[in-house]
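Undergrad: The following block contains a protein sequence and its predicted model.
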Protein chains: 2
Amino acid sequence: MSLEESIKHAYHESVSGERRGDTRDELEEIKSYIRSSNEIRVPNGSGEKLDAINEVLWQFGLTLAKHLPIHTNSCDVTRMPAITKGFMALDVSVCDLVIARGRLGVPGSGSMLVIMDKKGRILSAALSPAHVLHEKSLVEAVRDEMQAALDRIGLVPLFGRRR
Amino acid sequence: MSLEESIKHAYHESVSGERRGDTRDELEEIKSYIRSSNEIRVPNGSGEKLDAINEVLWQFGLTLAKHLPIHTNSCDVTRMPAITKGFMALDVSVCDLVIARGRLGVPGSGSMLVIMDKKGRILSAALSPAHVLHEKSLVEAVRDEMQAALDRIGLVPLFGRRR
């Protein structure tokens, strides 16, 4: 099954009122898509943020991401800055996967890291509170979000943290 | 300051390249909006889901939510079902706050609970993995998401769990 077929099947279930939640097969499709992604882009973000994301991708045995240097300040004037940043990255690059991190919603709503496929479909995500609340370092927060976004779709790390 | 002023101020910071993350004042605006919400709606969802949400709202000393019975299956054929469900609820009711729970993205991507204000602005949210992974009961999952969505903006429970 492909991701397209998996989605089409779920549409059919929803429309016919037979949908009973996400299935293991659907999770497998998402994991398989992520595992086979060869070009992963992280829009904007400091080098630190990219390093934190790549540390986790490495732990999970996934392809490392590359930096996509675009000016993303404008995303913060949209309603869902992280999602907008993902679309922006998608629209200006050729890649299999975008990992975007930005604000979830209104100012104060904290951050969202989103994993988006090459069509802009949302495969997974993770949230953090505003920095003033959690007081983690940027690197720590991004690493935790990246790990949470992979954990929650059932991916498991193959290696421990690099020193 | 109002939520509008808080957002306008953040826009200005973003556009001028001076934005340095969410501030305590912005969090206060979100919390104040939620605390003063008198009409809260939960679209669709079983009575169980509403009860779980209300248990947490009660713990936090907030107004209890009312059920908004609308057919939300169609949301599942959109790209962000939970967000779509929130907008749908907003567009067919008069309320201060919508609390919508649905799928985050593609089938398999797990669930999202979103807190949306009367203009459709996203104030907070929480995510859960697919049920087949966490194996929590629906009530437990919704309760945990509701609590997480309030915790992450710095709201604190006033009372313990009801027996």
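TA: Happy to help now that I have it. Numbers count the residues shown, from 1 in each chain, chains lettered A, B, ... in the order given.

Undergrad: Contacts only, for residue A:154.
TA: Contact analysis of residue A:154 by Cβ atoms under 8 Å, 6 or more residues apart in numbering or on different chains lists A:27, A:31, B:129, B:130, B:133. C-betas here are computed from N, CA, C, even on glycine.

Undergrad: now those in TSV, with secondary structure?
TA: Listed next are the contacts of residue A:154 as TSV, based on DSSP: H, G, I helix; E, B strand; the rest coil:
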residue	secondary structure
A:27	helix
A:31	helix
B:129	coil
B:130	coil
B:133	helix
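
Undergrad: Let me know the closest of the residues you listed to residue A:8.
TA: Set against residue A:8, the nearest of those by Cβ to Cβ is residue A:27 (16.6 Å).

Undergrad: Any chance of the backbone angles for the spatially closest residue to the closest one that is not a sequence neighbour?
TA: Spatial nearest neighbour of residue A:27, excluding adjacent residues (Cβ to Cβ, 6 or more residues apart in numbering or on different chains): residue B:108 at 4.5 Å. Phi and psi for residue B:108, reported as degrees, to the nearest 10, are phi 100, psi -10.

Undergrad: what are the bridge partners for residue A:100, then?
TA: residue A:114 (DSSP bridges).

Undergrad: count of residues packed around it?
TA: Neighbours of residue A:100 under the rule other Cβ atoms under 10 Å in any protein chain shown: 28.

Undergrad: coming back round to it: now do the contacts for the residue nearest to residue A:27.
TA: Counted by Cβ under 8 Å, 6+ apart, residue B:108 has contacts A:6, A:22, A:23, A:26, A:27, A:29, A:30, A:153, B:130.

Undergrad: same for the lowest-mean-pLDDT helix or strand in chain A, what does it pack against?
TA: Here the helix or strand of chain A ranked lowest by mean pLDDT, DSSP states H and E is helix A:131-134, holding a mean of 90. In terms of contacts (3 or more Cβ pairs under 8 Å, 6 or more residues apart in numbering or on different chains; DSSP states H and E), helix A:131-134 is packed against helix A:138-151, helix B:24-35.

Undergrad: Now render those helices as CSV, adding distance to residue A:92.
TA: Below are these laid out as CSV (distance: least, Cβ to Cβ, whole Å):
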stretch, distance to residue A:92
helix A:138-151, 22
helix B:24-35, 29
